[in-house]
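J.: Sequence first, then the predicted structure:
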Amino acid sequence: MANIKSQKKRALTNAKKNLVNSAAKSKLKTALKKVTKAVEANDKEAAVKAFNEANSLLDKAVTSHLKHKNYVARQKARLAKAVASLG
């Protein structure tokens, strides 16, 4: 642990932010898995609903700098292609 007061405070804020980021990443991964499970089950209605939720979370991940914009674009394209294949 640091001896300098500002570094002690910084360590605390880093720990808090780490928890927030971990929760957001976990929520995003779960949303992506829901879409793929719905596609595998050939449930178009559930897949579209999960896809819309995943898109929202992916966009939020970019704005909060959790994920890179190219990663998000790639994921959205893959999910859209999978949902469209249910046609």
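T.: Yes, it's here.
J.: Show me the shaky parts of this protein.
T.: Along the chain, no part satisfies pLDDT under 70.
J.: helices or strands up against the helix ranked longest in it?
T.: Using DSSP state H to define each element, the chain has its longest helix at helix 5-40. Judged by 3 or more CB pairs under 8 Å, 6 or more residues apart in numbering; DSSP states H and E, helix 5-40 is in contact with helix 44-63, helix 69-84. Using the backbone N, CA and C atoms, a C-beta is placed for each residue, glycine as well.
J.: relative to helix 69-84, how tilted is the first one?
T.: Going back to what we said before, that points to helix 44-63. 170 degrees (axes from the mean of the first three to the mean of the last three CA atoms, to 10 degrees).
J.: got the angle between helix 44-63 and helix 5-40?
T.: Using the same axes, to 10 degrees: helix 44-63 against helix 5-40 is 160 degrees.
J.: Run through who's touching helix 44-63.
T.: 24-25, 27-28, 31-32, 34-35, 38-39, 66-69, 72, 75-76, 79-80, 82-83, 86 (CB atoms under 8 Å, 6 or more residues apart in numbering).
J.: Repeat the analysis, applying 10 Å as the threshold.
T.: Contacts to helix 44-63, defined as CB atoms under 10 Å, 6 or more residues apart in numbering, come from residues 21, 24-25, 27-41, 43, 66-73, 75-76, 79-80, 82-87.
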